[in-house]
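Trainee: I'd like to go over a predicted model; first the sequence, then the structure.
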Amino acid sequence: MKIVIVGGVAGGAGVAARLRRLDEHAEIVLFERGPHISYSNCCLPYYLGGVVESSESLLMTSPASFEKRFNVRVHVNAEVVSVDRAAHTVSVRKTDDGTTDTESYDKLVLATGAAALRPASIAGADGENVFTVKTVTDAVNLKRRLTETNAKRVAVVGGGFIGLETAENLKHASYEVILIEGTDQVMAPLDFDMAQILHKELLDHDVELHLSTTVSAIRDGEIETVHNGETHTERVDATVLAIGVAPETRLAAEAGLSIGETRGIRVAPDGQTSDPDIFAVGDVTETVSLLTGRPGRVPLAGPAQRQARNAADAILGRKAENRGLLGSSCLKLFDLNVAATGLNEKTAAAAGLSFDFAFALPPDKVGIMPDSHYMAFKLLFERPGGRLLGAQAIGKGDAVRRIDVIAALLTKGGTLEDLKDLELCYSPAFGTARDIVNLAALIGLNVLSGEMPQVHVSEVRRLVESGACIIDVREESEYRAGHLKGAKNIPLPQIRSRMTEIPRDVPVYLHCRTSQRSYYALRILRGNGYTNVINISGSFLGVSLYEYYRDRSEGREPILTAYNFR
């Protein structure tokens, strides 16, 4: 059997390696239009920041080494420009001299990936001082340009994974960085309330953040943006476009293969396209959500590698199936670790699901440990059954491990009850005896059962500005250090003796630092006949994190006398 693979990196190279492991005698040919067949594109921003010192370190293997190890005929700088399905051939153009040739196949694998966007709506998007960070060549050219021109100020357009990592690494390299994002938050997998924590982190590290801002033009030495209908000009020495990628489906579309509604190639669970002799893997494909069955695209290396293995197995007659993707992802942003899996509020609502969520800010390890720090953890679950839908975590500690736990349960259709009883490793150096994920499940069950009515941090400004009855159950010293305006301080130990000060005829909103003590207060009051008490999810720390960036950037009147992030 002869298998032709179009494209390298995680998808194409992964298919080639798996095929050879399974079949020593198959004829395998790989075409890559660039000079590199396998490199760590996820590490490209870290080359810009000097964490990865050499561009050579980004290369996982050379074409010659790959060819020798796997007995694969490798052609670099060779672009497949067309597919003749009837003849089972592809036309290949050499990018160095423009000559063309034809290669036959029994099975064809398309791993053409996705291209970084350079929207035509942005005047000057193709300028010599405008860069993307998609390939090793991209990163090398950008770093060289910044060095040779003695650049000082760089604009990064796009607040997704690549944009954030590029902004952080350019900051580490001592550049002034302006980050421009067209929506009202960075990192789309996160919900708005969680993203506020990242906005604060960017502000704390002197990244100039412009949200709800679009770019209209890029000229030599400046970038033109639009915010709230007003045009602004920023001085910059270079611009990095990190506004997303589009699947490179031209080959597939021209060959008449089925393209999905998200513009990726529509594939079966084993990677087979609408042509039984053509498979597709990686960023070019349209996948489905494991949780909703809806189509989507997850342009990440992990899913690409799993798809590659499945396609290779299917080509050789083995059973292979992909039940769908969760979109698990993570990011390091300065001092914070960020991770998410499954659905967020937006995607759960779009799927028509009835859901709620638990929000917690507990310590990521035993509080007396010197490196203990809060971790923001948000857990979405379905009503009324409690099926887990997704989670997000941000903190200085191990956010990724917590999200990996949720991802495992999501794969098995886990519920709040499953998570509540999940037995996890414990040591004061790594976590707490009741881990964050267990605590979030308990909070979720309390919300689901009605034992803990709650309002979210996004609703607190309205409560404060409307003069709602808010009781702060922290200690007096904590209250003096900063509190919600208009809140009455009744420390938790005094709740029973001062219940006459708490009304029964209006809603009463309780909060402490992170919602634990206010939950205890709520249970005390409900045990004494109160039916009007509601917990503020996230409490004072959560409100501080939620309000801080918006107050600073929008010039709003703060609803807190002082912020407290400890």
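Mentor: Perfect, thanks for sending it.

Trainee: for stretch 139-147, buried residues please.
Mentor: 139, 142-143, 146 (16 or more other C-beta atoms under 10 Å). All C-beta atoms are positioned from the backbone trio N, CA, C, and that covers glycine.

Trainee: I misspoke; the intended subject was stretch 161-180.
Mentor: So, applying 16+ other C-beta under 10 Å, buried residues of stretch 161-180: 161-173, 175-180.

Trainee: all strands in the stretch 351-500 of the chain, in order from the N-terminus.
Mentor: Remark: strands assigned in the stretch 351-500 of the chain by DSSP state E, counting those that start in this stretch are 355-360, 375-382, 388-395, 454-455, 469-472, 488-489.

Trainee: can you put these in a markdown table and add mean neighbour count, mean pLDDT and distance to A64?
Mentor: Output for the strands of the stretch 351-500 of the chain, formatted as a markdown table (neighbours: other C-beta atoms under 10 Å; pLDDT from 0 to 100; distance: least, C-beta to C-beta, whole Å):
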| stretch | mean neighbour count | mean pLDDT | distance to A64 |
| --- | --- | --- | --- |
| strand 355-360 | 22 | 97 | 52 |
| strand 375-382 | 25 | 98 | 46 |
| strand 388-395 | 28 | 98 | 43 |
| strand 454-455 | 20 | 96 | 61 |
| strand 469-472 | 22 | 98 | 68 |
| strand 488-489 | 16 | 98 | 72 |
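
Trainee: G50: which of those is closest?
Mentor: strand 388-395 (25.2 Å; C-beta to C-beta).

Trainee: which elements pack onto that closest one?
Mentor: Packing partners of strand 388-395 (3 or more C-beta pairs under 8 Å, 6 or more residues apart in numbering; DSSP states H and E): helix 192-204, strand 336-342, helix 345-350, strand 375-382, helix 399-411, helix 416-420, helix 436-449.

Trainee: what's next to stretch 225-233, contact-wise?
Mentor: Contact partners of stretch 225-233, identified using C-beta atoms under 8 Å, 6 or more residues apart in numbering, comprise 180, 210, 212-216, 222-224, 234.

Trainee: tell me the one of those residues nearest L343?
Mentor: S212 (23.9 Å).

Trainee: my guess is that closest one contacts Q185. True?
Mentor: No - S212 is beyond contact range of Q185, at 9.1 Å (criterion: C-beta atoms under 8 Å).

Trainee: which of the two has more neighbours?
Mentor: Q185 (19 against 14; other C-beta atoms under 10 Å).

Trainee: any idea how far the more buried one lies from Y105?
Mentor: For Q185, the distance to Y105 (C-beta to C-beta, to the nearest Å) stands at 45 Å.

Trainee: of all the strands of the stretch 351-500 of the chain, which one is nearest L30?
Mentor: Comparing the strands of the stretch 351-500 of the chain by C-beta to C-beta, strand 388-395 comes nearest, at 36.5 Å.

Trainee: picking that back up, turn the helices and strands packed on strand 388-395 into TSV, columns for distance to A358.
Mentor: As requested, the helices and strands packed on strand 388-395 are exported to TSV (distance: least, C-beta to C-beta, whole Å):
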stretch	distance to A358
helix 192-204	13
strand 336-342	14
helix 345-350	13
strand 375-382	5
helix 399-411	12
helix 416-420	9
helix 436-449	4
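
Trainee: out of those, which comes closest to T132?
Mentor: That would be, of the helices and strands packed on strand 388-395 and by C-beta to C-beta, helix 192-204, which comes in at 21.0 Å.

Trainee: I'd like the next helix or strand past that closest one.
Mentor: Using DSSP states H and E, the helix or strand that follows helix 192-204 in sequence is strand 208-210.

Trainee: list the strands paired with that next one, with their directions.
Mentor: strand 176-180 (parallel) (DSSP bridges).

Trainee: and I223, how many neighbours?
Mentor: Neighbours of I223 (other C-beta under 10 Å): 25.

Trainee: check which helix or strand it maps to.
Mentor: strand 222-227.

Trainee: now R523
Mentor: Using DSSP H and E, R523 falls in helix 516-527.

Trainee: what pLDDT, on average, does that helix get?
Mentor: On average, the pLDDT along helix 516-527 is 97.

Trainee: next one: it to chain centre, how far?
Mentor: Helix 516-527 has its C-alpha centroid displaced from the chain centroid by 35 Å (C-alpha atoms, centre = their mean, to the nearest Å).

Trainee: next, the buried residues of it.
Mentor: In helix 516-527, counting by 16+ other C-beta under 10 Å, buried: 516-519, 521-522, 524-525.

Trainee: likewise for stretch 132-139?
Mentor: Quick answer for stretch 132-139 (16+ other C-beta under 10 Å): 132-136, 138-139.

Trainee: mind pulling up the pLDDT for G12?
Mentor: 94.

Trainee: which strands and helices sit next to the helix or strand that it is a member of?
Mentor: Assessed by DSSP H and E, G12 sits inside helix 9-22. Helix 9-22 sits against strand 2-6, strand 27-32, strand 38-39, helix 63-70, helix 301-315, with contacts defined as 3+ C-beta pairs under 8 Å, 6+ apart.

Trainee: given the helix or strand just after the longest one, what are its sheet partners and their directions?
Mentor: It refers to helix 301-315. Per DSSP H and E, the first helix or strand lying C-terminal to helix 301-315 is strand 329-333. Strand 329-333 has these partner strands in its sheet, going by DSSP bridges: strand 336-342 (antiparallel).

Trainee: roughly how far apart are P35 and G302?
Mentor: Taken as C-beta to C-beta, the span from P35 to G302 is 25 Å.

Trainee: neighbour count for these two, which is higher?
Mentor: P35 (16 against 13).

Trainee: right, and the more buried one touches A78 too?
Mentor: No - using C-beta under 8 Å, P35 is not in contact with A78; the gap is 10.4 Å.

Trainee: which ones are touching S539?
Mentor: By C-beta under 8 Å, 6+ apart, the contact list for S539 reads 361, 511-515, 518.

Trainee: sorry, back to before: how about the CA coordinates for the helix holding R523, as CSV?
Mentor: Only the C-alpha atoms of helix 516-527 are listed here, as CSV (Å, rounded to 0.1, in the frame of the first residue of the first chain):
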residue,chain,number,x,y,z
GLN,A,516,-16.7,29.8,53.4
ARG,A,517,-17.5,31.8,56.5
SER,A,518,-20.5,33.3,54.8
TYR,A,519,-21.8,29.8,54.0
TYR,A,520,-21.5,29.0,57.7
ALA,A,521,-23.4,32.2,58.5
LEU,A,522,-26.1,31.3,56.0
ARG,A,523,-26.6,27.8,57.6
ILE,A,524,-26.8,29.4,61.1
LEU,A,525,-29.5,31.9,59.9
ARG,A,526,-31.4,29.3,58.0
GLY,A,527,-31.3,27.1,61.0
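
Trainee: what is that helix packed up against?
Mentor: strand 508-511, strand 533-536.

Trainee: show me how far the first one is from its chain's centre.
Mentor: Going back to what we said before, that points to strand 508-511. In this view, strand 508-511 has its centroid 33 Å away from the chain centroid, taken as C-alpha atoms, centre = their mean.

Trainee: what is the mean pLDDT for it?
Mentor: 98.

Trainee: that strand pairs with which strands, and in what direction?
Mentor: Assessed with DSSP bridges, strand 508-511 is paired to strand 469-472 (parallel), strand 533-536 (parallel).
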